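[1] just need the structure, nothing else, for what follows:
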Amino acid sequence: MEDRILTHLIRFSIIVTIGLAICIVTRTKPRVRWLVASFIMIILHDYFLSNGYGRIPPFLEGLNWNWTGKIMALGVGLLFVFLIGRKRCGLTLQHNSGSWSAVLVCAFLSGIAFVSALIWGGGPGSLESIAFRLTMPGLEEEVFYRGALLASLSLAFPIRWTVFGAETTPAFLLNSLLFGMVHGFWMTSSGLGFTAGAVLFSSVSGLVFTWLRERTGSLILPIYMHNAWNTAYAVF
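    I've put the predicted structure just below:
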């Protein structure tokens, strides 16, 4: 069985170590209170995502996907967003000037996703599978990872970076790496579990979603892009 708290500690320790190394090189002082806040957010988010580690019964009976956990985690993510600041977290329809470049990138990558799904997809899933992938992954994960957590880590490591026109911080890298580890790195009583392909793919996806968020200043495109990728392989 996975030791979830130890898993979170190890994942978070990895990204904090990288962040502190960047701070040493750039002679920047990290903000410890925001590191603590980030870790608390991660624990609370995972608690509700996992239905209170199995203690909270699902309120949507007869369904195969984790609607209950995703909806509760989305609510917690939105709470964090409003505590940190809605606009700081990208929960806005207003986009930065020059966001057209992000729209083009989004359209191009969406096309690749749907073409690859047509070629390598395993066939259409159930209606529930399609409905879930069309909504929950992008909404819940982007609100938390590219919204609240990205903002919190940016405040923890206030070093200005520019990545292909996007004004960002080391959180651009740290948030994406953590997102990758969430999908393929865990600890159990018998040792380390690691799926390199899942970590790599999710980290790269995280970089794309984070760049879209930072380039546009909004969560709209990351949510769309995330759900488009998921839905393509559920439909084709």
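[2] counting neighbours, what do you get for residue 170?
    25 (other C-beta atoms under 10 Å). (C-beta placed from N, C-alpha, C; glycine too.)
[3] what's the helix or strand encompassing residue 45 packed up against?
    Assigned by DSSP states H and E, residue 45 belongs to helix 32-49. Identification of packing neighbours for helix 32-49 by 3 or more C-beta pairs under 8 Å, 6 or more residues apart in numbering; DSSP states H and E yields helix 4-26, helix 67-84, helix 150-156.
[4] hmm, who's touching it?
    4-5, 8, 12, 16, 53, 56, 66, 69-70, 72-73, 75-77, 80, 140, 144, 148-149, 152-153, 155-156 (C-beta atoms under 8 Å, 6 or more residues apart in numbering).
[5] ranking the helices and strands packed on helix 32-49 by burial, who's on top?
    helix 150-156 (a mean of 25; mean count of other C-beta atoms under 10 Å).
[6] report the distance from the helix or strand following it to the chain centre.
    Using DSSP H and E, the helix or strand that follows helix 150-156 in sequence is strand 161-163. In terms of C-alpha atoms, centre = their mean, to the nearest Å, the centre of strand 161-163 is set 19 Å apart from its chain centre.
[7] in strand 161-163, which residues are buried?
    By 16 or more other C-beta atoms under 10 Å, the buried positions in strand 161-163 come out as residue 161.
[8] from memory residue 109 sits against residue 226, does it?
    No: look at residue 109 against residue 226 with C-beta atoms under 8 Å: they stay out of range, at 10.9 Å.
[9] neighbour-wise, which of these two wins?
    Per other C-beta under 10 Å, whichever of residue 109 and residue 226 has more neighbours is residue 226, with 25 against 16.
[10] OK, contacts around the more buried one?
    Remark: with contacts taken as C-beta under 8 Å, 6+ apart, residue 226 is in contact with 137, 138, 141, 142, 205, 209.
[11] count the residues that sit near the closest residue to residue 123 other than its chain neighbours.
    Nearest residue to residue 123, sequence neighbours excluded (C-beta to C-beta, 6 or more residues apart in numbering): residue 236, at 7.5 Å. Burial of residue 236 is recorded as 18 neighbouring residues (other C-beta under 10 Å).
[12] for residue 61, report the pLDDT, please.
    On the pLDDT scale, residue 61 is placed at 82.
[13] doesn't it belong to a strand?
    No: judged by DSSP: H, G, I helix; E, B strand; the rest coil, residue 61 forms no part of a strand; its state is coil.
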